[in-house]
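Trainee: The sequence and its predicted three-dimensional model are supplied below.
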Amino acid sequence: MAATPGTTPETAPEAGAGQVEGEHVKPFTPEKAKEIIMSLQQPAIFCNMAFDWPAQHWTVKHLSEVLHGKQIRFRMGMKRTDTVPQFETTCGYVEATLEEFLSWNCDQPTIYGPFRDYDHSKFWAYADYKYFVSLFDDKADIFQDVIWSDFGFPGRNGQESTLWIGSMGAHTPCHLDSYGCNLVFQVQGRKRWHLFPPEDTPFLYPTRIPYEESSVFSKINVVNPDLKRFPQFCKARRHMVTLNPGQVLFVPRHWWHYVESIDPVTVSINSWIELVEETSHEVNCRYLNRAVSALFDHYRTSKVVEIQALRTNREDMKKEGSDVHNHMEVGQTGGQDLLLGTGKQEAASPFGPDLIPVILGSEELPSERGGIFEGDGKDFVGEGGEHSGKLHCTKRQRMMSKSEDAVVEQISSNSSMAPSQTFISTDDLLDCLVNPQVTRIVAQLLIQGRSLWF
């Protein structure tokens, strides 16, 4: 397979990734791609969905010609291995053209150039968060080079996108975006993604940084963590993947991610998308009232059998180590077994050569990073998709199990009431929705295949 223009064979998409030479049929229709995105609870890579996008040719050299002479702001960070994250507020900044960036990145700095104070061997440069509407303000036609409508979002193109151009080592500290999910198209070079699920937020020591309203950052440098200062981080479940040119990464809402350029030059295009069901407040409240009433009905008619089933199911999950690796989400079909490749899913798998799940596990980081944090590499997916390594049940999870028993028995003891006729107030509903024990019980019922909605 020929390399993407402007890339080397090493940075081109690997042959055998799902696209047959000469084939021009995309593996998913826009409707199917959106259906997959709406159902995914874990990051995944789409292959062969953007091979006909004009933006696939957007190498830095090409963009330097398109944006000839345009000043772009670069964030400058140090190539260091300490344990402190390099937040945007601690970095330097320069205004430069892409031609000047390429010259500096090739170790050919000019004496009076904007990068003169930054030794290329010690610093990296990152033109990040460059909104198309500002960058290409006089070239609106170029928006059509990005075709997010192929993923089921009609009319969405480059106008709703951002451009990211970096040198080797350029990175964004670990953070979660407070709105939307991410679709990321890798154009040139490779980027390594470290991802952590939303449930691991307490282990990532969240913080806000000044002037940043759309993201929540971690206090930890996740590639070189200080476990003495942040001991809970060893419980975080790291998912890692290297994104190659031509691939599109889907990152679900509120997944933590640290992203680093691992090639001399990288270009990627990002779009944040809100996945919102267009239903009225009145309809949503009606659904929620019916769900809560159905839950009480279910316990009234089969409380003894159901309680025993819940407890048995919980014990089975503990034995399989599912409390650590297979946290199930409400509405997820097939479970995490589908995502981890164990082959136990009941639903038809959407995964294959053109949709690759980002699995739990850790790649060995470069030696100059100073070593892997304790526990990294102990919980991973081996050849064939089998789990190996040591599984844990945290104190918090054991406490949750005890709380669950209390909630189940409390609901059962009140089963003499007429639940279908019980009015659920807004305050009651909010108390129910934010109660983790109730959420866990409802999730387990859904996993067992119970229908609470009709």
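Mentor: Structure received. This is a predicted model, so every value here is computed, not measured.
Trainee: from here on, contacts and neighbour counts on C-alpha atoms
Mentor: Noted.
Trainee: Mind checking the pLDDT average for the host helix or strand of Y126?
Mentor: Taking DSSP states H and E as the criterion, Y126 maps to strand 123-131. Averaged over strand 123-131, pLDDT sits at 96.
Trainee: Let's see the helix or strand just after that strand as CSV, backbone CA atoms only.
Mentor: Per DSSP H and E, the first helix or strand lying C-terminal to strand 123-131 is helix 132-135. Taking C-alpha atoms only, helix 132-135 is exported to CSV below (Å, rounded to 0.1, in the frame of the first residue of the first chain):
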residue,chain,number,x,y,z
PHE,A,132,-10.7,26.3,11.0
VAL,A,133,-12.9,29.3,10.9
SER,A,134,-10.0,31.4,12.2
LEU,A,135,-7.2,29.7,10.5
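Trainee: for this protein, what spans make up the helices?
Mentor: Remark: helices assigned in the chain by DSSP state H are 30-39, 60-66, 98-105, 132-135, 281-319, 322-325, 336-340, 395-413, 426-433, 436-447.
Trainee: Name every strand pairing with the strand holding Y126 and say which way it goes.
Mentor: Neighbouring strands of strand 123-131 in its sheet, by DSSP bridges, are strand 72-78 (antiparallel), strand 162-167 (antiparallel).
Trainee: Go through these and pick out the most buried.
Mentor: A comparison of the strands paired with strand 123-131 by mean neighbour count, using mean count of other CA atoms under 10 Å, puts strand 162-167 on top with a mean of 22.
Trainee: out of the strands paired with strand 123-131, nearest to C47?
Mentor: The closest of the strands paired with strand 123-131 to C47 is strand 162-167. By CA to CA, the value is 20.0 Å.
Trainee: which residues touch that closest one?
Mentor: Strand 162-167 is contacted from outside by 60, 105, 124-132, 261, 263-271, using CA atoms under 8 Å, 6 or more residues apart in numbering.
Trainee: Report the angle between it and helix 98-105.
Mentor: Per axes from the mean of the first three to the mean of the last three CA atoms, to 10 degrees, the angle that strand 162-167 makes with helix 98-105 is 30 degrees.
Trainee: Could you give the average pLDDT over strand 162-167?
Mentor: 98.
Trainee: do stretch 197-205 as well
Mentor: 96.
Trainee: Drop anything exposed from the contacts of strand 162-167.
Mentor: 60, 105, 124-128, 130-132, 261, 263-271 (16 or more other CA atoms under 10 Å).
Trainee: closest one to P154 among the strands paired with strand 123-131?
Mentor: strand 162-167 (18.1 Å).
Trainee: Output the closest one as PDB, restricted to C-alpha atoms.
Mentor: Only the C-alpha atoms of strand 162-167 are listed here, as PDB (Å, rounded to 0.1, in the frame of the first residue of the first chain):
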ATOM      1  CA  THR A 162      -9.700  22.200  14.900                       C
ATOM      2  CA  LEU A 163      -6.200  21.600  13.500                       C
ATOM      3  CA  TRP A 164      -3.200  20.300  15.500                       C
ATOM      4  CA  ILE A 165       0.400  20.400  14.200                       C
ATOM      5  CA  GLY A 166       3.300  19.300  16.400                       C
ATOM      6  CA  SER A 167       6.900  18.300  16.500                       C
END
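Trainee: nearest spatial neighbour of W256, skipping sequence neighbours?
Mentor: L176 (4.4 Å; CA to CA, 6 or more residues apart in numbering).
Trainee: That neighbour and P252 touch, don't they?
Mentor: No: look at L176 against P252 with CA atoms under 8 Å: they stay out of range, at 10.2 Å.
Trainee: sorry, back to before: any chance of CSV for the strands paired with strand 123-131, columns distance to F351?
Mentor: Formatted as CSV, the strands paired with strand 123-131 follow (distance: least, CA to CA, whole Å):
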stretch, distance to F351
strand 72-78, 37
strand 162-167, 28
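Trainee: Tell me, please, the helix or strand in the protein that averages the lowest pLDDT.
Mentor: helix 336-340 (a mean of 31; mean pLDDT, DSSP states H and E).
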